[in-house]
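Student: quick one: sequence plus predicted model below, questions after.
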Amino acid sequence: ESFSRLTEMNEDLQASEMRKREKAIALEQSLQKLQQAQSQLIQTEKMSSLGQMVAGVAHEINNPVNFIHGNLVYLRRYTQDLLELIELYQQSGTQPPIEIIQKIEDIELDFIQEDIDKLLKSMNEGSSRIREIVQSLRIFSRLDESELKPVDLKTGIDSTLMLLQYRLKGQPGYPDIEVITIYENLPLVECYPGQINQVLMNIINNAIDALHEYFYQKKADDENEESLRIEIKTRIKDRHWVSIHILDNGSGISEVIQNKIFDPFFTTKAVGKGTGLGLAISYQIIVEKHKGELECYSTLGKGTEFIITIPIQLSSKVNF
């Protein structure tokens, strides 16, 4: 009887431990769902604020820039007409008054005639650049294109890179980052364009941060400087799937960290430098929203590669 009682108590103990383990697993799953809900809430609010900001900026900038850009054509033509008129006066053989001769010398008319067309050309290029930036903001945010639609992934990549030009160009203490793009002739891909662009922005921004940190470490070690490089490739995986590969030649990520990079709120950056949400949100967008895959492959000392794989037709719900 005592043996039977002991067996029964042992079974009760095992059952109790099993219940505790099940509760622990359930609690961990609930915590993960809560973290996902929190990150999604923050992402929704962030994208809403970003959308409102971009809409306001695009609206406020677009009209005056178009006005300036359009009128530069006429300004260039009028200026050329006036310069030709002055040249005709100079060739007429009439001796101008001493005041006009003095003014010509004071304003350096010859220099103005040579430089004014260069100035107008530079102003035209500058206004064109602003228009391109505004267009890139529109493409990036896709404020009026939040629905599922077929898009050219190359356009989204190029617009994201344009918005990141200020970070890719050399900064005090850091050299330029070379960007190599290799585009396969992809078909239009059915996706949520604004969300895909958000993923591209997150991953490329992380690559830039990693390259800056790598350069700083190499410089501190007095090693030979290596050019900083990001390579972006698009590929057709098969008739159902396409992929985007984003590689950097930074210091790489340890295996321990690789297992955590997609966890919400996990970050290796200093306080105030990152929220730990970028890659977690990117994972949700690719895996949950687009039924695709987001993978990271990295080797310490050699660099990191992120691979985004998404279906060509999301509405068909093709499974791996």
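Tutor: Nice, thanks for sending it over.

Student: low-confidence ranges, the stretch 201-320 of the chain, go.
Tutor: Across the stretch 201-320 of the chain, the ranges flagged by pLDDT under 70 are 219-226, 258-259, 264-277, 317-320.

Student: quick one, helices of it?
Tutor: In the stretch 201-320 of the chain, the segments counted as helices under DSSP state H, counting those that start in this stretch are 255-258, 278-283.

Student: in the stretch 51-200 of the chain, which spans are strands?
Tutor: All strands of the stretch 51-200 of the chain, identified by DSSP state E, counting those that start in this stretch, fall at 149-151, 177-183, 189-191.

Student: counting contacts, what elements does the longest one pack onto?
Tutor: Contacting strand 177-183 under the criterion 3 or more CB pairs under 8 Å, 6 or more residues apart in numbering; DSSP states H and E are the following elements: helix 153-163, helix 165-168, strand 228-236. Bear in mind the C-beta positions are built from the backbone N, C-alpha and C, glycine included.

Student: run the last query once more with 7 Å
Tutor: For strand 177-183, the elements it packs on are helix 153-163, strand 228-236, judged by 3 or more CB pairs under 7 Å, 6 or more residues apart in numbering; DSSP states H and E.

Student: need those in CSV (columns: mean neighbour count).
Tutor: Putting the helices and strands packed on strand 177-183 into CSV (neighbours: other CB atoms under 10 Å) gives the following:
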stretch, mean neighbour count
helix 153-163, 20
strand 228-236, 19
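
Student: and those as a markdown table, adding distance to residue 177?
Tutor: Formatted as a markdown table, these follow (distance: least, CB to CB, whole Å):
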| stretch | distance to residue 177 |
| --- | --- |
| helix 153-163 | 11 |
| strand 228-236 | 4 |
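
Student: hang on, residue 249 packs against residue 229?
Tutor: Yes - with contact defined as CB atoms under 7 Å, residue 249 reaches residue 229; the gap is 4.8 Å.

Student: buried ones in stretch 108-117?
Tutor: Of the residues in stretch 108-117, none count as buried by neighbour count, 16 or more other CB atoms under 10 Å.

Student: out of the helices of the stretch 201-320 of the chain, which comes closest to residue 208?
Tutor: Evaluated over these, closeness to residue 208 peaks at helix 278-283, with 12.2 Å, by CB to CB.

Student: run the chain-centre distance for that closest one.
Tutor: Distance of helix 278-283 from its chain centroid, counting by CA atoms, centre = their mean, to the nearest Å, is 13 Å.

Student: export it as PDB, just CAs?
Tutor: Presented in PDB, the C-alpha positions along helix 278-283 are these (Å, rounded to 0.1, in the frame of the first residue of the first chain):
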ATOM      1  CA  GLY A 278      13.000  47.600 -37.200                       C
ATOM      2  CA  LEU A 279      13.800  43.900 -38.000                       C
ATOM      3  CA  ALA A 280      10.900  42.600 -35.900                       C
ATOM      4  CA  ILE A 281       8.500  44.700 -38.000                       C
ATOM      5  CA  SER A 282      10.300  43.700 -41.200                       C
ATOM      6  CA  TYR A 283       9.800  40.100 -40.300                       C
END
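
Student: packing partners for that helix?
Tutor: By 3+ CB pairs under 7 Å, 6+ apart, helix 278-283 packs against helix 2-91, helix 193-220.

Student: domains in this structure, by residue range?
Tutor: Following the TED database, the chain resolves into domains at 15-129, 144-311.

Student: can I get the ones you listed in CSV with distance to residue 9?
Tutor: Listed next are these as CSV, based on distance: least, CB to CB, whole Å:
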stretch, distance to residue 9
domain 15-129, 10
domain 144-311, 40
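
Student: residues in contact with the most centrally placed residue in the chain?
Tutor: In the chain, the residue lying closest to the centroid (CA atoms, centre = their mean) is residue 201, at 2.6 Å. With contact taken as CB atoms under 7 Å, 6 or more residues apart in numbering, residue 201 is in contact with residue 160.

Student: check what pLDDT the closest residue to residue 285 other than its chain neighbours gets.
Tutor: Among residues not flanking residue 285 along the chain, residue 195 sits closest, at 4.6 Å (CB to CB, 6 or more residues apart in numbering). Reported pLDDT at residue 195 in the predicted model: 85.

Student: count residues in the vicinity of residue 195, would you?
Tutor: When neighbours are counted by other CB atoms under 10 Å, residue 195 registers 20.

Student: residue 314 versus that one, what's the distance?
Tutor: From residue 195 across to residue 314, the span is 11 Å (CB to CB, to the nearest Å).

Student: now swap in residue 94 and tell me
Tutor: 76 Å.

Student: which one's more surrounded, the two?
Tutor: residue 314 (18 against 7).

Student: confirm for me that that one is in contact with residue 192.
Tutor: No - between residue 314 and residue 192 there is no contact under CB under 7 Å: 8.4 Å.

Student: which residues are in contact with both of the two?
Tutor: Any residue near both residue 314 and residue 192 by CB under 7 Å, 6+ apart counts here, and that gives residue 148.

Student: who touches the closest residue to residue 310 other than its chain neighbours in this structure?
Tutor: Once flanking residues are discounted, residue 310 sits nearest to residue 292: 3.8 Å by CB to CB, 6+ apart. Residues in contact with residue 292 (CB under 7 Å, 6+ apart) are 286, 308-311.
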